[in-house]
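>>> sequence and predicted structure below; questions after.
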Amino acid sequence: AANTINLIPQDFFAELCEQIIHHLNHKIPGVNTAELCQRIQTSGIEINIGDLAKIANILSFLFSTAARNNLSTEELVTTLGSAVSTLPKHALQVIRHVWNEQGKSITASEDARNVATVGQFVDMKWKLGVAMSSDTCRSLKYPYVTVTLTVADPSGQITDKSFEMTIPQFKNFFRQFKEMASVLETV
């Protein structure tokens with residue numbers, strides 16, 4: 001993550017931090033990493049959206065945890081400095097500035113205790129299907145797996161998220177679940 005942060009120019013990193021703070025304050029629905037990634041790439045920096053999304057998640061966790069623990073700017077920077085020695089200096093400066101300017105707004109909000117919570121898995125349904133034909137192809141015979149995840153978001157609202165996978169994608173998905181299961185057995 002530190003290597004990716006090193007790639008992000010200071011102004012874009014500051015914008016990302018500010019968007020996260022606004023999101024945690026419920027001023028915007030989320031952080032538009034796709035748009036920010038495109039702007040960073042347009043400036044000549046090679047970064048992919050997956051890496052930027054990971055950085056956004058890390059920063060969101062950092063700010064929400066700091067808010068939940070009511071950390072001062074100095075406490076946050078000291079904790080970061082001792083825990084993450086590889087964090088670029090410009091990133092620490094931006095985090096210090098953004099937290100100093102806007103961090104209090106998160107800690108003052110009623111939801112300060114809940115900002116670090118994540119959704120909860122409720123249920124999973126799947127089905128195997130075969131696409132027989134389409135308007136452009138008369139004979140597809142293309143197998144796929146449809147998965148529907150039922151998730152309760154931090155506010156308690158339950159939503160369904162559905163997606164389709166090809167058989168190779170499903171095999172990879174299954175392999176990753178097996179890896180998670182084997183890691184959980186060691187805990």
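Okay, I see it.
>>> and the contacts of the helix or strand of the chain with the lowest mean pLDDT?
Among the helices and strands of the chain, helix 73-83 carries the lowest confidence by mean pLDDT, DSSP states H and E, at a mean of 81. Applying Cβ atoms under 8 Å, 6 or more residues apart in numbering, the external contacts of helix 73-83 come out as 62, 66, 71, 87, 92, 95-96, 99-100, 103. Yep, even glycine has a C-beta here, placed from its N, CA and C like the rest.
>>> of those residues, which one scores lowest on pLDDT?
Least confident of those in the model: L87, at 79.
>>> report the contact partners of that residue.
For L87, the contacting residues are 2, 5, 80-81, by Cβ under 8 Å, 6+ apart.
>>> most neighbours out of those residues, which is it?
Neighbour counts for those, by other Cβ atoms under 10 Å, peak at I5, which reaches 22 neighbours.
>>> separation between that residue and C137?
Computed as Cβ to Cβ, to the nearest Å, the I5 to C137 distance reads 45 Å.
>>> equivalent analysis for R175, please.
R175 is 30 Å from C137, by Cβ to Cβ.
>>> and for H90?
With Cβ to Cβ as the criterion, H90 and C137 are 52 Å apart.
>>> more neighbours: those two, which one.
Between H90 and C137, counted using other Cβ under 10 Å, H90 has the larger neighbour count: 16 against 11.
>>> so the residue positioned nearest the centre of the chain, which state does it fall into?
Closest residue to the average C-alpha location of the chain: N57 at 3.7 Å, with Cα atoms, centre = their mean. Per DSSP: H, G, I helix; E, B strand; the rest coil, the secondary structure class of N57 is helix.
>>> pLDDT score assigned to it?
Looking at N57, its pLDDT is 85.
>>> tell me, how many residues neighbour K178?
Here the count is done by other Cβ under 10 Å, and K178 has 10 residues near it.
>>> relative to K171, how far out is it?
From K178 to K171 the distance is 10 Å (Cβ to Cβ).
>>> same thing with A56?
29 Å.
>>> who has more neighbours out of the two?
Neighbour tally, A56 and K171, criterion other Cβ under 10 Å: the higher count belongs to A56, 21 against 12.
>>> domains for this protein, by residue range?
Listed domain ranges for the chain are 1-114, 118-185 (source: the TED database).
>>> which of these sits most buried?
Per residue and on average, the most neighbours among the domains of the chain fall to domain 1-114, with a mean of 16 (mean count of other Cβ atoms under 10 Å).
>>> tell me how far it lies from the chain's centre.
Counting by Cα atoms, centre = their mean, to the nearest Å, domain 1-114 is centred 12 Å from the centre of its parent chain.
>>> fine, thanks again, bye for now.
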